[in-house]
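Asker: give me coordinates for this.
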Amino acid sequence: MGVYARHVLPRLINLVMQAPPQTAERARIVPRAAGRVIEIGFGSGLNLPFYGSDVTAVAAVDPSRELWNLAQPRVANARVAVEFHQASAERLPFESAAFDTAVTTWTLCSIPDAAAALGEIRRVLAPDGHLLFIEHGRAPDARVRAWQARLTPFWRRIAGGCHLDRPIEDLVTAVGFHIDHLDQGYATGPRPFAYLYRGTAKR
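Answerer: Numbers count the residues shown, from 1 in each chain. Coordinates of the predicted model:
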């Protein structure tokens with residue numbers, strides 16, 4: 001791992017992802033979490049302020065130790081216990097049915113095998129567990145999709161493997177999740193980067 005990926009990119013991610021539009025999106029979804037929570041792509045802990053009193057513990061999963069280090073002030077001020085697991089989402093180090101809620105925010109775009117990760121998330125959720133997600137991905141407009149396809153090979157190299165054009169709804173349902181709420185649309189910013197999927201899904 002080079003200097004850019006290890007030291008520069010985590011700080012850029014931490015800075016960009018705490019912008020007001022992203023914070024507002026988190027405030028809409030994350031407070032719905034309850035019980036034992038697994039957060040995939042925990043990053044620098046930007047979701048922590050939005051976990052409510054119904055959350056009993058958070059298992060923070062992320063491959064980046066550098067982002068976890070940046071999260072320390074938020075972890076110290078969190079209302080809930082947080083335990084870090086430096087791990088790949090495609091192979092989660094937990095028993096089946098260990099969690100009540102899974103949370104992903106701007107995460108599925110950069111996991112190398114998003115389908116495998118979603119399968120693992122479903123495995124570790126309890127039978128009545130829920131997935132809460134905010135993800136950017138494939139837009140419905142052909143012209144925007146064409147730009148997403150053109151930009152993704154370059155964007156992946158500078159943005160930690162981020163894909164602009166993943167079909168989030170299809171990925172979630174393909175592994176057996178049942179979506180019970182989905183809100184899609186463009187957020188602020190250039191359209192190839194800004195098509196959001198916000199939703200909840202039952203195991």
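
Asker: C-alpha only now, for contacts and for neighbours.
Answerer: Fine.

Asker: for this protein, which helix is longest?
Answerer: Longest helix in the chain, counting residues (DSSP state H): helix 142-158.

Asker: pull out the buried residues from that helix.
Answerer: In terms of neighbour count (16 or more other C-alpha atoms under 10 Å), helix 142-158 has its buried residues at 144-145, 147-149, 151-152.

Asker: so where's this structure uncertain?
Answerer: 1 (pLDDT under 70).

Asker: what sits against the residue of it positioned farthest from its centre?
Answerer: Computed with C-alpha atoms, centre = their mean, the residue of the chain farthest from its C-alpha average is residue 143, at 26.0 Å. For residue 143, the contact set (C-alpha atoms under 8 Å, 6 or more residues apart in numbering) is empty.

Asker: re the thing from before, wait, which of the buried residues of helix 142-158 is closest to residue 66?
Answerer: residue 152 (24.4 Å; C-alpha to C-alpha).

Asker: is it true that that closest one touches residue 163?
Answerer: Yes. Applying C-alpha atoms under 8 Å, one finds residue 152 in contact with residue 163, separated by 5.6 Å.

Asker: tell me which residues in the top strand by length along the chain are buried?
Answerer: What stands out as the longest strand in the chain, according to DSSP state E, is strand 125-136. The neighbour-count check on strand 125-136 (16+ other C-alpha under 10 Å) flags 125-126, 129-136 as buried.

Asker: among the residues you listed, which pair sits farthest apart?
Answerer: Across the buried residues of strand 125-136 (C-alpha to C-alpha), the longest gap, 26.0 Å, separates 126 and 136.

Asker: report all helices and strands that the helix or strand following the longest helix of the chain contacts.
Answerer: Where DSSP states H and E defines the elements, the next helix or strand beyond helix 142-158 is helix 168-174. When contacts are defined as 3 or more C-alpha pairs under 8 Å, 6 or more residues apart in numbering; DSSP states H and E, helix 168-174 sits against helix 114-124.

Asker: hey, C-alpha coordinates of the helix it packs on in CSV?
Answerer: This file holds the C-alpha atoms of helix 114-124, laid out as CSV (Å, rounded to 0.1, in the frame of the first residue of the first chain):
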residue,chain,number,x,y,z
ALA,A,114,-20.1,-6.4,-3.1
ALA,A,115,-22.3,-9.4,-3.6
ALA,A,116,-20.2,-11.5,-1.3
ALA,A,117,-20.2,-8.8,1.3
LEU,A,118,-24.0,-8.5,1.2
GLY,A,119,-24.2,-12.3,1.5
GLU,A,120,-22.0,-12.1,4.6
ILE,A,121,-24.1,-9.3,6.1
ARG,A,122,-27.2,-11.3,5.6
ARG,A,123,-25.6,-14.3,7.3
VAL,A,124,-24.6,-12.4,10.4
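
Asker: what's near enough to touch the residue lying closest to residue 108 once chain neighbours are set aside?
Answerer: Nearest residue to residue 108, sequence neighbours excluded (C-alpha to C-alpha, 6 or more residues apart in numbering): residue 114, at 5.7 Å. Residue 114 sits next to 90, 108, 171 when contact means C-alpha under 8 Å, 6+ apart.

Asker: alright, that wraps it up for me.
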